[in-house]
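Q: What follows is a protein structure lacking sequence information:
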DNA sequence: CCTATGACCATAG
DNA sequence: CCTATGGCCATAG
């Protein structure tokens, strides 16, 4: 199956709907977009975003609350602005996870 | 066609 | 906490 524009848009939509001050995991985003088990698609899609995007990609972390992003510093800074503190690239997922 | 590579994940030891 | 394993799947070479 090819990565259709529809699928990309559904994933972007989910990311866009993550509230400020909350985070979601890659797997969570994939599942909410109707593609369970496809966390890697999410990570790869986010890696292709233009630098000027308004999509809140910084609110997506891995299943352990860890930041595994080449742009970790940017992500950590943005999360801090929303009141989410990190420690060694890790945050308290249990407290900050978005539960719709 | 085959292998390697990820902004991943769950489970087991 | 850490490593190992198996699964995931588009993309690149």
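A: Yep, it's here. In this text the structure is predicted, and so the values were computed from the model without any measurement.
Q: residue contacts, the residue nearest in space to the middle of chain A?
A: Chain A has residue A:60 as the residue nearest its centroid, 1.8 Å off, counting by Cα atoms, centre = their mean. Residues near residue A:60 by Cβ atoms under 8 Å, 6 or more residues apart in numbering: A:15, A:18, A:23-26, A:29, A:42, A:46. (Each C-beta comes from the backbone N, C-alpha and C, glycine too.)
Q: Please state the backbone phi and psi of it?
A: The phi and psi values for residue A:60, taken as degrees, to the nearest 10, are phi -110, psi 120.
Q: Can you list the neighbours in contact with the host helix or strand of residue A:95?
A: According to DSSP states H and E, residue A:95 maps onto helix A:93-96. For helix A:93-96, contacts defined as Cβ under 8 Å, 6+ apart pick out A:21-23, A:25, A:61, A:63-65, A:84.
Q: mind putting the residues you listed in TSV, neighbour count and distance to residue A:35 included?
A: Formatted as TSV, the contacts of helix A:93-96 follow (neighbours: other Cβ atoms under 10 Å; distance: Cβ to Cβ, whole Å):
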residue	neighbour count	distance to residue A:35
A:21	13	26
A:22	16	21
A:23	24	19
A:25	20	14
A:61	26	18
A:63	11	16
A:64	10	21
A:65	19	22
A:84	20	26
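Q: mind listing which of the residues you listed are in helices?
A: Among the contacts of helix A:93-96, DSSP state H puts none in helices.
Q: Brilliant, that's me finished.
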